[in-house]
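**Q** Fold the following.
(3 chains)
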Amino acid sequence: MNYPYVAEFRRALVEWFESEKRDLPWRHTKDPYKIWVSEVMLQQTRVDTVIPYYNRFMESFPTLELLAEAPQEYLLKHWEGLGYYSRARNLQAGVREVLENYGGIVPDNRHEISKLKGVGPYTAGAILSIAYNKPEHAVDGNVMRVLSRVLEIHEDIALPKTKKIFEAAVEELIDPEHTSSFNQGLMELGALICTPTSPKCLLCPVREYCKAFNGGEPEKLPVKSKKVKMKHLSYDVFVCEDTEGRILMEQRPEKGLLANMWQFPMIEHDEEATLTTQAIFEANYHVHVNKQQELMKFKHVFSHLTWQLNSYHLQSEPSQCGHWFTREQIEMLPMPVPMLKIWETLK
DNA sequence: CACGCGTGGTA
DNA sequence: TTACCAAGCGT
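**A** Model (predicted):
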């Protein structure tokens, strides 16, 4: 790699991290299970968002055994609002693998830990370096941004193959005596100093060893291509309440978007089209509707698509078909954010 | 490899 | 408002 300041870079980064690191809940433990949970929650998710979820999760599932035994609906309720719900199912599957195949001890080597569901190259390296002090790379978006600037790497970080370049770089740079602080230091630097826009170079502990800073244009890095094409879908959503106060719910399929989450019945219609007729709803869900009133209309944006939701409150006769719940029971069901919005409005 | 998979914050 | 993100992984 031909980077002349390895020793100085390590020392400056580790010392900065030790003195400036944020006080975060998962930094009070070296329990590999807890580090694992924190790393999964942090995937594509902001620190401030994760903190309350992590704390609540550890109150309910302080050990790997308790998580392994949890009913999936109870687990998903703890993940409700955090997004990427397959992370929760994969985490539980991974924990069960550890109990079955490794005697309840999280593996301390990349080969075995990488076999666990939901543990990819980044998460493996993070657990190994933070919990076990192993000199393993943990390359995420922060690390690629920081090192693209420090080393002036112009490869497109949106391309999967580019990550190999950064993993190789970390393998050379990593401080073998302080693997945890080194890896976390790179990420903390990316989060606090070496930010995507307007990096705070004058506060950076490694600016003297940064090629982009010395070259003058750290904001031009990293190079990142790739645009996302959005799909738009429109639905009518029906909060159908019978004369006994029970409300009709449905569970989403076990694969795909919002898998296994609960929702009020939804019927898709093409853009700008008329609302679903009461007759169509009655036919689809086998209920007799007495009254219908508009609830709220709003847009919900996912990473790769948007929903236009028009919601209605229906009064119906009791029915034997479908899943009907009391208001108290609905509070226990894991629901995605757009359904929670409708629910909060109705209450 | 490209794409599917949530949500809330920010320029 | 649109765009782009923020500690990725599975398929």
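
**Q** Neighbours of whatever residue of chain A ends up closest to DNA strand C, how many?
**A** Using C-beta to the nearest atom of the strand, the closest approach of chain A to DNA strand C is made by residue A:120 at 2.4 Å. Every C-beta, even on glycine, is put in place using the N, C-alpha and C of the backbone. As a burial measure, residue A:120 scores 10 neighbours (other C-beta atoms under 10 Å).

**Q** same thing with residue A:187?
**A** Using other C-beta under 10 Å: residue A:187 sits among 22 other residues.

**Q** Then residue A:106?
**A** So residue A:106, with other C-beta under 10 Å, has 22 neighbours.

**Q** residues touching it, list them.
**A** A:32-33, A:36, A:64, A:98, A:113, A:127, A:131 (C-beta atoms under 8 Å, 6 or more residues apart in numbering).

**Q** which ones among those are found in strands?
**A** Per DSSP state E, strands hold no members of those.

**Q** sorry, back to before: and for the closest residue in space to the residue of chain A closest to DNA strand C that isn't next to it in sequence, the neighbour number?
**A** Distance criterion C-beta to C-beta, 6 or more residues apart in numbering; nearest residue to residue A:120, sequence neighbours excluded, is residue A:114 at 7.5 Å. By the criterion of other C-beta under 10 Å, residue A:114 has 15 neighbours.

**Q** my read: residue A:114 touches residue A:122, true?
**A** No - applying C-beta atoms under 8 Å, one finds residue A:114 not in contact with residue A:122, separated by 10.6 Å.

**Q** Give me the contact list for the helix or strand of chain A with the lowest mean pLDDT.
**A** Least confident helix or strand of chain A, by mean pLDDT, DSSP states H and E, is helix A:278-285 with a mean of 90. Helix A:278-285 is contacted by residues A:236, A:238, A:240, A:248, A:265, A:267, A:287-289, A:292, A:314, A:319, A:321-322 when judged by C-beta under 8 Å, 6+ apart.

**Q** quick one: residue A:132 and residue A:108 touch, right?
**A** Yes - proximity of residue A:132 to residue A:108 meets the contact threshold set by C-beta under 8 Å, at 4.6 Å.

**Q** So between these two, which is more surrounded?
**A** Taking neighbours as other C-beta under 10 Å, residue A:132 and residue A:108 compare with residue A:132 leading, 18 against 15.

**Q** give the contact list for that one.
**A** Contacts of residue A:132 by C-beta under 8 Å, 6+ apart are A:32, A:108.

**Q** Find residues that contact each of residue A:132 and residue A:108.
**A** residue A:32.

**Q** I'd assumed residue A:165 was in a helix, is it?
**A** Yes - under DSSP: H, G, I helix; E, B strand; the rest coil, residue A:165 sits within a helix.

**Q** Report pLDDT for it.
**A** With respect to pLDDT, residue A:165 has a value of 95.

**Q** can you count the residues close to the closest residue to it other than its chain neighbours?
**A** Computed as C-beta to C-beta, 6+ apart, the closest residue to residue A:165 that is not its neighbour in sequence is residue A:155, at 5.8 Å. Using other C-beta under 10 Å, residue A:155 has 16 neighbouring residues.
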